[in-house]
Structure formats: C-alpha cells, structure tokens
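Asker: pasting the sequence and the predicted model now:
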Amino acid sequence: MAGHWVGSRWHQVQIWDPLWIRALLERPLDEGVPGAGFWVAGYYVDYDRHSLDSLRIRAPHLDQVVSFGYGATSDGQVIGRDPEILKGVTAGQKRVILFGNLTGGKFSRDTAQAILRDKAVQDLYIHGVLGKVAAQRASGVQIDFEGVAPEDRQRLTSFIQRLAAELRVKGLTLSMAVPAKVRDDPRSSWAGAFDYAALGQLVDQLFIMAYDEHYRGGEAGPVASLPWTEKVIRYAISVVPTKKILLGVPLYGYDWTASGQGRAYGVKVMQDRLLQMGAEIRWDPVLGENVASYKAGDGEHVAWFPDERSLEAKLALAQKYNLKGVALWRLGFEPDQYWVQLGQARQSE
C-alpha cells in the first residue's frame with residue numbers, strides 16, 4: 001500500500017491501481033474539452049464501481065462529468081470524499097464538482113436553511129466550496145440543494161448570485177441542479193424555492209432533474225413520461241435561455257410492491273431482473289416507458305422503466321426545443337447501446 005496526505009489525514013491507496021497512478025502523475029486518459037454543440041453530461045458517483053467503469057470507457061464521449069458529491073454540516077463545513085481518482089480519468093476542463101445540502105447521506109432542509117440564513121455559516125461554506133474545486137482542479141461547481149423551504153426562495157437566489165460572482169473572478173463556471181416543474185408556484189414545498197427565471201440569469205447551466213414524476217414512496221407510474229417531460233421543458237424555456245438548459249434523463253426505473261414501496265434499479269439491471277422474474281413487459285408508446293408486472297414472495301409487483309426508445313424520445317425533445325443538451329443520472333446504470341444514440345446526438349450539431 002502507498003498513500004498521500006490530505007489535510008491532516010493519511011489516505012492509503014493500492015499501488016497497483018493504474019487510475020491512481022495516472023492521477024498522481026496528472027496524465028488524464030481523456031484530454032478532451034467540452035464540445036461547442038449539443039452536450040451529453042453525466043453524473044459520476046464514487047459509491048458504485050460500475051459508475052467508474054462507465055466513465056473510464058465513455059469519458060471521451062461526454063462534454064461534462066459532474067462528480068456527486070460533497071455534503072455539508074449545519075455550521076457550513078464542506079464534507080465528503082475527494083474525487084481524486086477523476087484526475088486519472090478525464091481532464092479538468094470537463095470536471096465539475098457537485099455540492100449539496102447533504103447531511104448524514106440525505107438532503108437536509110435544516111442544513112440548507114443554515115447556509116442560506118446565517119452569513120457566517122454561508123461564508124464558511126463558500127470558502128470550503130472554493131477550496132475543494134481548486135484542489136480538484138475542476139472547471140466549475142454545481143449546486144444541488146434539494147428540499148429547500150419555499151420561504152427561502154429569495155435567500156437561495158441571493159446565495160447563487162454571490163457564489164456566481166466568486167467563481168467568475170476565478171474563471172470557474174456555476175451550474176445548478178433544480179427540481180422539475182411545469183409551472184411556478186412559490187408556495188410549493190418541493191420546488192417553490194427555485195425561481196427559474198432569476199436563477200437562469202445567474203448560472204452558466206441549469207440542469208433540470210426531469211425525473212421522479214412518480215417516486216419510490218408514491219403510487220406506481222412512469223419515472224418521466226414524455227408528456228410530462230415536454231411540459232417541464234416548455235415551462236423552463238419560457239423563463240430561461242434554451243442554451244443554458246440541460247434536460248436530466250433518468251437511466252433507472254422503479255419496482256413497486258403491493259404495499260406501495262418502490263425500489264430503484266438501473267435500466268440494464270432492471271431489464272435482466274424482470275426477465276429472470278418472468279415479468280410481463282409492455283411498452284407504452286404514449287408515456288414512453290415500459291410497464292411490467294409479476295408476482296413474487298411479497299405479492300404483486302409493478303415496475304416502470306425507460307429503455308433505448310425512451311432515450312431516443314428524450315434526445316428528440318431536447319433537440320426540438322434547442323436545449324444545450326442532456327444530463328444522465330447516472331453513469332453506470334446505462335446499457336451499452338445507449339452510447340450509439342448519445343454519440344449521434346452529440347454529432348448532430
């Protein structure tokens with residue numbers, strides 16, 4: 001084993017790990033820069049080896065890699081594992097580091113409130129963000145605050161305005177992941193805090209999380225139906241410049257039990273699993289997803305999930321409305337054939 005110091009802590013790594021060696025020597029495997037046309041962005045997570053495997057192969061076909069993600073304490077300290085390994089996979093021009101209101105592994109409304117409402121906490125948080133993105137030699141920052149209280153709407157906008165100014169001075173970009181919505185309701189407990197019109201003027205890109213139309217804790221239904229997705233896009237482009245918008249595309253589905261509890265599976269795992277269960281699978285051409293049903297030891301199951309036809313339709317919508325591109329949640333979930341379609345989309349402009 002070998003290692004290196006990070007702050008006051010010694011991090012051990014396996015000396016035979018070629019990715020770490022490349023990271024240490026700063027010789028990226030993918031030295032490309034973001035393209036000028038239609039973008040394909042992908043989220044990388046460090047808790048699934050499949051995500052890293054996908055990134056190693058597909059990095060040259062991505063315009064931006066968003067590394068998920070740092071959390072925060074209630075007093076504004078940035079916490080999380082440093083994605084050092086990305087230095088051995090893709091060049092800094094494509095790397096963006098995500099910072100969220102994650103505390104204890106979950107998005108925390110209380111943490112968001114502390115950062116947005118207390119200047120001293122916000123000062124410490126911004127200082128931490130700037131330090132991390134510099135240490136990772138990334139090109140920019142993405143903010144992903146979820147579950148923000150609607151009464152913090154203006155505070156959230158002011159925070160983004162302040163952070164954008166700090167990053168601009170350093171030549172860094174700022175993007176933001178925002179919940180999908182089909183209209184602006186400032187009172188909404190989930191999306192009311194996100195003023196698309198104001199935020200769209202401040203950020204370089206707005207990543208719209210156009211998924212979880214139906215979610216694991218609710219009733220069964222499509223993760224992101226085509227009619228709903230198009231409504232989300234049409235609202236967004238009414239208040240945000242189209243070339244700042246990336247459409248979030250889910251690469252997963254949900255399998256619900258009779259009791260109403262859903263479990264998420266990546267598309268390729270979902271497909272294999274349903275075949276093993278002998279599920280009856282039906283494509284819904286209107287909603288643009290598959291629906292499946294089967295029986296198991298815990299009763300009846302219903303699953304909804306996208307496939308290559310869903311991806312094709314989402315790419316067509318993004319191009320129809322002249323969006324900047326699509327953002328994949330997440331790398332490691334996708335079947336290999338998706339990359340043929342994604343490559344064609346990138347080359348279309």
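Answerer: The structure has been received and is ready for your questions.
Asker: where do the strands sit along the stretch 201-349 of the chain?
Answerer: Along the stretch 201-349 of the chain, counting by DSSP state E, counting those that start in this stretch, strands occupy 205-209, 245-250, 252-257, 262-266, 280-284, 289-296, 299-305, 325-329.
Asker: now the stretch 51-200 of the chain
Answerer: 64-72, 78-79, 95-100, 102-103, 106-107, 140-144, 173-179.
Asker: need the ones you listed in TSV with mean pLDDT, can you?
Answerer: Below are the strands of the stretch 51-200 of the chain laid out as TSV (pLDDT from 0 to 100):
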stretch	mean pLDDT
strand 64-72	97
strand 78-79	98
strand 95-100	98
strand 102-103	97
strand 106-107	96
strand 140-144	98
strand 173-179	98
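Asker: would TSV of those with distance to Q347 and mean neighbour count be doable?
Answerer: For every residue, glycine as well, the C-beta is placed using N, CA and C. Compiled in TSV, these are given as follows (distance: least, Cβ to Cβ, whole Å; neighbours: other Cβ atoms under 10 Å):
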stretch	distance to Q347	mean neighbour count
strand 64-72	17	24
strand 78-79	38	15
strand 95-100	23	24
strand 102-103	36	20
strand 106-107	36	14
strand 140-144	24	24
strand 173-179	23	22
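Asker: quick one: which of those is nearest K119?
Answerer: The closest of the strands of the stretch 51-200 of the chain to K119 is strand 64-72. By Cβ to Cβ, the value is 15.3 Å.
Asker: what's that closest one packed up against?
Answerer: With contacts taken as 3 or more Cβ pairs under 8 Å, 6 or more residues apart in numbering; DSSP states H and E, strand 64-72 sits against strand 39-45, strand 78-79, strand 95-100, strand 102-103, helix 109-117, helix 119-135, strand 140-144.
Asker: please save the CA atoms from the last one in PDB.
Answerer: Just to be clear, that refers to strand 140-144. The C-alpha trace of strand 140-144 is given here as PDB (Å, rounded to 0.1, in the frame of the first residue of the first chain):
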ATOM      1  CA  GLY A 140     -16.600  24.600 -12.100                       C
ATOM      2  CA  VAL A 141     -19.200  23.900  -9.400                       C
ATOM      3  CA  GLN A 142     -22.700  22.500  -9.400                       C
ATOM      4  CA  ILE A 143     -25.100  23.300  -6.600                       C
ATOM      5  CA  ASP A 144     -27.700  20.700  -5.800                       C
END
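Asker: partner strands of it and their direction?
Answerer: strand 95-100 (parallel), strand 173-179 (parallel) (DSSP bridges).
Asker: now do the longest one against strand 64-72, angle only.
Answerer: Spelled out, it's strand 173-179. For strand 173-179 against strand 64-72, the angle by axes from the mean of the first three to the mean of the last three Cα atoms, to 10 degrees is 70 degrees.
Asker: now swap in the first one and tell me
Answerer: Computed with the same axes, to 10 degrees, the direction of strand 95-100 lies at 30 degrees from that of strand 64-72.
Asker: now strand 95-100, how far from the chain's geometric center?
Answerer: 9 Å (Cα atoms, centre = their mean, to the nearest Å).
Asker: neighbouring contacts of it?
Answerer: 43, 64-72, 78, 83, 86, 107, 129, 132-133, 136-146, 173, 175, 177 (Cβ atoms under 8 Å, 6 or more residues apart in numbering).
Asker: just checking, I160 touches L174?
Answerer: Yes - here I160 reaches L174: they are 7.4 Å apart, a contact under Cβ atoms under 8 Å.
Asker: who touches both of those two?
Answerer: What both I160 and L174 touch, as defined by Cβ under 8 Å, 6+ apart, is the set 143, 202-203.
Asker: just put the residues you listed in a markdown table and tack on distance to R263.
Answerer: A markdown table is the format used below for the shared contacts of I160 and L174 (distance: Cβ to Cβ, whole Å):
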| residue | distance to R263 |
| --- | --- |
| I143 | 28 |
| L202 | 37 |
| V203 | 33 |
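Asker: for F38, state which of those residues is nearest.
Answerer: V203 (19.0 Å).
Asker: wait, that closest one sits on I160?
Answerer: Yes - counting by Cβ under 8 Å, V203 touches I160, with 6.7 Å between them.
Asker: which one's more surrounded, those two?
Answerer: V203 (24 against 21; other Cβ atoms under 10 Å).
Asker: what distance do you get for the more buried one to S54?
Answerer: 26 Å (Cβ to Cβ, to the nearest Å).
Asker: again with T90
Answerer: Distance of T90 to S54, computed by Cβ to Cβ: 12 Å.
Asker: ditto for V89
Answerer: Counting by Cβ to Cβ, the gap from V89 to S54 is 10 Å.
Asker: count the residues that sit near the nearest residue to V178 once chain neighbours are set aside.
Answerer: Leaving aside its sequence neighbours, V178 sits nearest to F194 (Cβ to Cβ, 6 or more residues apart in numbering; 4.8 Å). Other residues near F194 come to 27 when the count uses other Cβ under 10 Å.
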